[in-house]
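> what follows is a protein structure lacking sequence information:
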Ligand code: CO
């Protein structure tokens, strides 16, 4: 940490926060007092979600354009105006500071969606949820312990365990798994979870290695009882230990790995002022939310003194992990980790030298517990710089010039543990204007008992232990703002042309550009054999060739949702059935599977957003990009998975008039032209 460039994240009380700064501990408490004074909190009220209700974009942009933007910097905020603000007619007024809470009474099950204004000290909206049509609030922290307590006390469940030789329920761990929505009369009216069990015989045992398969308890969290027990098949509980900390399991530690030290003697090249981050022309605000985790705001690039907006807001607001084992005790396994469990709430505290290497700046984040009390997670967001190999390099055969430049990236990341899985969310910003999002998937596989050779839906990963095939489908919400709000999206395919007139030798290749005019056209799929990409362009600003300035989204090639059309999951995860959706900005359109995903019957989110089939050409557009692997586990993924990666890339395309990195200096004096070894000398 370099004190000279990193200012404290918490502004003094006299300086109010920027409207996009995440809610802080005092704000959570202040909002809680307003709710209590309004009579909305009883002994049995719990907070299933509590976070900043961001002001609408219009208000933020008007505010950011003002001279006193509250950061004390007086610097315009990536609005693209770049102009001295007084020219815009004076300061934008400070938007109302609001928090949103999902409240549930854990005795009656009644739940509500409440917005409070800290500025006006009042409840703004208070909407009671109808769980049958609205869906239900997310899983509470207390549901983990409660689910285990309930099954441990259930005679039927204990008998099912005893039949399998498990008489000491104290060693059986229970997972409260979200239930989905299958139109079953005895399930619909209940706030429920489905519980699978794992044996943890020793305190440090890895329970996931010992699934008790064939038994699923369906638990009503309001009545606090098992209302249905599925006890379908008897497979032995796999015995082999998965405790990868145990020398008997992992073997001796490797030797020969000598230290790698990353040092920046003069400190990192970025500056962090509160939540405002600047690096090599990039400027952005860092936000954090219990549901979405990292949110990045007002991402812009400085282009020769002109501040040019690129993305107004970027986040991963949803992900679903559907499992592909059709067994009666497993068909419902599909977890919406963001909407049902809240990915941000489970953020890890990161440790320098272990989780992140180099000159690190950390941000603490604050989330709320079940009682709406703030809980600070220290070192949750990691910010650092990385060398990234060659940026550009050329040895000219005619003029003898031998040059190379090194690429760097600014990394902003956090890690979240959701049950058995651990997800690292990484955003990278490069010197040449490239933006990348990468998710690192690690942790422990969700396991089952392996029924025997030839079983189609799982991989055997240890004797008698299976890991069902599944998908991880993330949705990135990219609220684009290429040089302003008037943007459009083009689908660009690259392909060959048939031999014939104009192409007598059959070598011609060309691009086909399809403009997307309406939301009904915005559902798109990748086409790797046509190099398909999507380009977001400004409909108002052109480069020196008269072409619209833009950024291109490069997707990876992985399947979309594989669940059958018409299935419950398909209806609930419509967002995951295409790689891309394009919608017109609406401040209410935040979550691609809807606001209340837990036990939602389906049809919320994307299908609603596009129902009006609005014009998206020359509009304020939002991209929703689905990415992530279909994961049929390998034996090498057990007992803890080496990281696998997925993500996407955004690259400037005609945004600049030429390579914007010609001004990047050589890495050191010995890299200067004339100082290098003979042309063709080594560079790694
Ligand atoms: Co996986």
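Yep, it's here. Just so it is clear, the structure is predicted and the values come from calculations on it, not from any experiment.
> can you list the domains in this structure?
25-128, 141-249, 276-450+480-496+508-653 (automatic domain parsing).
> most packed of the ones you listed?
domain 276-450+480-496+508-653 (a mean of 20; mean count of other CB atoms under 10 Å). Just so you know, the C-beta spots here come from the backbone N, C-alpha and C atoms, and that holds for glycine as well.
> gap between that domain and the chain center?
7 Å (CA atoms, centre = their mean, to the nearest Å).
> quick one: end-to-end distance for it.
26 Å (CA to CA, to the nearest Å).
> likewise for stretch 586-601?
This stretch, stretch 586-601, spans 23 Å end to end (CA to CA).
> weakest of the domains of the chain in terms of mean pLDDT?
Mean pLDDT is lowest for domain 25-128 among those, at a mean of 82.
> between the domains of the chain, which gets nearest to residue 458?
With respect to residue 458, and counting by CB to CB, the nearest of the domains of the chain is domain 276-450+480-496+508-653 at 5.9 Å.
> could the domains of the chain go into JSON lines alongside distance to residue 659?
Formatted as JSON lines, these follow (distance: least, CB to CB, whole Å):
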{"stretch": "domain 25-128", "distance to residue 659": "22"}
{"stretch": "domain 141-249", "distance to residue 659": "46"}
{"stretch": "domain 276-450+480-496+508-653", "distance to residue 659": "7"}
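> center of the chain - which residue?
residue 316 (3.1 Å; CA atoms, centre = their mean).
> so what's that one up against?
292-294, 338, 343, 425, 437, 439, 474-477 (CB atoms under 8 Å, 6 or more residues apart in numbering).
> so which of the residues you listed comes closest to residue 459?
Minimum distance to residue 459 across the contacts of residue 316 is 21.5 Å, recorded for residue 439 (CB to CB).
> quick one: the closest one and residue 475 touch, right?
No. Residue 439 is beyond contact range of residue 475, at 11.4 Å (criterion: CB atoms under 8 Å).
> wait, what's in contact with residue 292?
So residue 292 contacts 315-317, 338, 343-344 (CB under 8 Å, 6+ apart).
> roughly how far apart are it and residue 448?
Distance, residue 292 to residue 448, using CB to CB, to the nearest Å: 30 Å.
> isn't residue 621 right up against residue 586?
No. The criterion here is CB under 8 Å, and residue 621 misses it with residue 586 at 11.2 Å.
> helices along the stretch 201-350 of the chain, start to end?
Taking DSSP state H, counting those that start in this stretch as the criterion, the stretch 201-350 of the chain carries its helices at 247-250.
> strands along that one, start to end?
Taking DSSP state E, counting those that start in this stretch as the criterion, the stretch 201-350 of the chain carries its strands at 211-220, 225-231, 271-273, 276-279, 282-289, 293-303, 306-322, 334-336.
> helices of this protein, start to end?
In the chain, the helices defined using DSSP state H lie at 25-37, 57-64, 131-134, 142-152, 155-163, 247-250, 568-572, 606-609.
> sorry, back to before: rebuild the strands of the stretch 201-350 of the chain as a markdown table, extending it with distance to residue 485.
Formatted as a markdown table, these follow (distance: least, CB to CB, whole Å):
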| stretch | distance to residue 485 |
| --- | --- |
| strand 211-220 | 47 |
| strand 225-231 | 51 |
| strand 271-273 | 26 |
| strand 276-279 | 21 |
| strand 282-289 | 17 |
| strand 293-303 | 13 |
| strand 306-322 | 8 |
| strand 334-336 | 30 |
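> these: which one's closest to residue 591?
With CB to CB as the yardstick, what comes closest out of those is strand 306-322 (5.2 Å).
> about what we covered before: where's the residue nearest to the centre of the chain relative to residue 276, distance?
To residue 276, residue 316 is 21 Å away according to CB to CB.
> so who does the closest residue to residue 541 other than its chain neighbours touch?
In space, residue 541 comes closest to residue 483 once its chain neighbours are excluded; the distance is 4.2 Å by CB to CB, 6 or more residues apart in numbering. Shown in contact with residue 483 (CB under 8 Å, 6+ apart): 80, 308-309, 538, 540-541, 549, 655.
> recalculate using a threshold of 6 Å.
Residue 483 sits next to 80, 308, 538, 541, 549 when contact means CB atoms under 6 Å, 6 or more residues apart in numbering.
> how far away is residue 328 from residue 131?
According to CB to CB, residue 328 and residue 131 sit 25 Å apart.
> thanks a lot, catch you later.
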